[in-house]
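> next input, structure requested:
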Amino acid sequence: MGDNVNPLLAPALRPGDVIAVVSPAWGGVGELPAATGRGVAVLEGLGYKVRVMPHAAGRSQWEWVSGSAEERAEDLLAAFADPEVRGIVCGIGGDHSAQLLPLLDMDLIAANPTVFCGYSDITSLHHGIHRATGLVTFYGPALIPQWGAVGGPFGYTVDHFQAVAGRAEAAGALPRADVEVHDGDFDAAEATGTPLRRSPSRPREVLRAGRGTGPLLAACLPSARHLLGTPWQPDYRGRVLVLETPEPPYDLAQADADLTHLRNAGGLDSLAALVLCRPYRFTAADTDRLHQLVLEHVAGHDYPVLARVEGGHTDPLPTFPLGVRSTVDGDELLFEEPAVVTGGPGPGGS
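You can find the predicted model right below:
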């Protein structure tokens, strides 16, 4: 089957609405109760009502997931089906969200459009759901690493999430952040109550100039690879593709392998534009080498390539609405359509 080409928009998420918390992969909600508690408190402080789904804090016989695939899918479908739930936020990522895809009732999801937000491994669900239903989903902050961060979430992250998922208007240019976080010592942050160290952000870099417009598709590079050749692989043609990379030990060699797979599958052939987020915990030298690798993989194409853009595992994390018409123009990324509607669900624009 091909992608559903008509965007389906969920109602805007407003204070007073219910947000359900799910764990489609790793059970960090149960493993990290302090961070979970902080995240819930922050969302409630913003006026939302938070409901942690039954298996979100669980743990299966396999310690890398919060429950069986059936239990995790049950939580997600129950959240979509509940008329009180207007938002679904993932606790954290992992590596096994794709296990849910064969178990999801896509007709139920399409009949109950809901703001669905997460990143990293949640790529699998974003792509699968968006392909099958056309639902605009949100590649953005998760409960534990962003909402539950020691010291609280970045104002940048809060403001952009609410602008994109909470207002039925085009969000416009992706705002620039003046800092970035590459400190991965979460244990020290928890022990001391000191937020992760921040450093001044390096400017965005135009690797190949130009202007390109198309529906947005965002992904964590190795997670996108999970769906290549499956029924849930999205159509990359004409997309503004946003790619980001996960934490170490992910490295240049793995990125090269993933880019090769994506290129061989045709995913880099007919893009409108390519956007690379700031690679998490890469040195400046390795970041430059990653950009060189990407340019080698997209040689022969003429679409624009923009790098060192805010997003992904490098905080502060904005919110990327999948399926919304977007434009790369020089060093700007613009969201040109609303990602949600006022009131009940409805069809999106072209």
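> which residue ranges of the chain form helices?
For the chain, applying DSSP state H gives helices covering 28-31, 33-45, 69-81, 106-111, 123-133, 155-166, 186-192, 221-227, 252-264, 284-297.
> out of those, which is closest to S270?
helix 252-264 (11.9 Å; Cβ to Cβ). (C-beta placed from N, C-alpha, C; glycine too.)
> can you give me the buried ones in the closest one?
252, 255-256, 258-259, 261-262 (16 or more other Cβ atoms under 10 Å).
> can you list the domains in this protein?
The chain breaks down by automatic domain parsing into domains covering 8-169, 179-335.
> winner for burial among those?
Here the criterion is mean neighbour count by mean count of other Cβ atoms under 10 Å, and of the domains of the chain the winner is domain 8-169, at a mean of 21.
> show me how far it is from its chain's centre.
10 Å (Cα atoms, centre = their mean, to the nearest Å).
> and it, what's its mean pLDDT?
Here domain 8-169 scores 97 as its mean pLDDT.
> with stretch 331-345 instead?
Here the average pLDDT along stretch 331-345 is 92.
> again with stretch 306-317
What stretch 306-317 shows for mean pLDDT is 97.
> OK, contacts around the residue nearest to P321 when sequence neighbours are not counted?
Nearest non-adjacent residue to P321, counting by Cβ to Cβ, 6 or more residues apart in numbering: A339, 3.5 Å away. Going by Cβ atoms under 8 Å, 6 or more residues apart in numbering, A339 touches 9, 136, 138, 164-165, 171, 321, 324.
> same check, this time on G212
240, 271-273, 303-304, 327-328.
> of the contacts of A339, just say which sits nearest to R211.
V324 (17.1 Å).
> and the closest one, how far from L174?
The spacing between V324 and L174, counted by Cβ to Cβ, to the nearest Å, is 12 Å.
> next, show the common contact partners of these two.
F335.
> L333 is nearest to which of the helices of the chain?
helix 155-166 (12.0 Å).
> which neighbouring elements make contact with the closest one?
strand 115-118, strand 138-139, strand 340-341 (3 or more Cβ pairs under 8 Å, 6 or more residues apart in numbering; DSSP states H and E).
> how about those strands, which one is nearest V40?
Nearest to V40, of these and by Cβ to Cβ, is strand 115-118 at 14.9 Å.
> in its sheet, what does that closest one sit against?
strand 85-90 (parallel), strand 138-139 (parallel) (DSSP bridges).
> list of residues touching the first one?
Strand 85-90 has contacts (Cβ under 8 Å, 6+ apart) with 10-11, 13-14, 17-24, 43, 48, 51, 76, 79-80, 114-119, 122, 141-143, 147, 165.
> and for the last one?
With contacts defined as Cβ under 8 Å, 6+ apart, strand 138-139 is touched by 115-119, 122-123, 126, 161, 164-165, 218-219, 242, 311, 319-322, 339.
> hang on, the earlier thing: in CSV: the buried residues of helix 252-264, plus pLDDT.
CSV is the format used below for the buried residues of helix 252-264 (pLDDT from 0 to 100):
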residue, pLDDT
L252, 97
A255, 98
D256, 98
D258, 98
L259, 98
H261, 97
L262, 98
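> about what we covered before: okay, the helices of the chain in a markdown table with distance to Q61 next?
Formatted as a markdown table, those follow (distance: least, Cβ to Cβ, whole Å):
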| stretch | distance to Q61 |
| --- | --- |
| helix 28-31 | 14 |
| helix 33-45 | 21 |
| helix 69-81 | 12 |
| helix 106-111 | 28 |
| helix 123-133 | 22 |
| helix 155-166 | 35 |
| helix 186-192 | 26 |
| helix 221-227 | 22 |
| helix 252-264 | 28 |
| helix 284-297 | 37 |
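> how about the ones you listed, which one is nearest L100?
helix 69-81 (4.5 Å).
> show me what the closest one packs onto, helices and strands only.
strand 18-22, strand 85-90, helix 106-111.
> what's the angle between that helix and strand 18-22?
Between helix 69-81 and strand 18-22, the angle comes out at 170 degrees (axes from the mean of the first three to the mean of the last three Cα atoms, to 10 degrees).
> could you dump stretch 184-204 to CSV, C-alpha only?
Below are the C-alpha coordinates for stretch 184-204, written out as CSV (Å, rounded to 0.1, in the frame of the first residue of the first chain):
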residue,chain,number,x,y,z
GLY,A,184,25.4,12.4,28.9
ASP,A,185,26.1,12.0,32.6
PHE,A,186,22.5,11.5,33.7
ASP,A,187,23.5,9.7,36.9
ALA,A,188,25.5,12.7,38.1
ALA,A,189,22.6,15.0,37.2
GLU,A,190,20.2,12.9,39.3
ALA,A,191,22.7,12.6,42.2
THR,A,192,23.5,16.3,42.4
GLY,A,193,20.2,17.8,41.1
THR,A,194,22.4,19.8,38.7
PRO,A,195,21.1,20.1,35.1
LEU,A,196,23.2,18.6,32.3
ARG,A,197,25.9,21.0,31.1
ARG,A,198,25.1,23.3,28.2
SER,A,199,27.4,24.7,25.6
PRO,A,200,26.9,27.5,23.1
SER,A,201,25.3,26.2,19.9
ARG,A,202,27.2,26.1,16.7
PRO,A,203,25.4,27.8,13.8
ARG,A,204,23.4,25.9,11.2
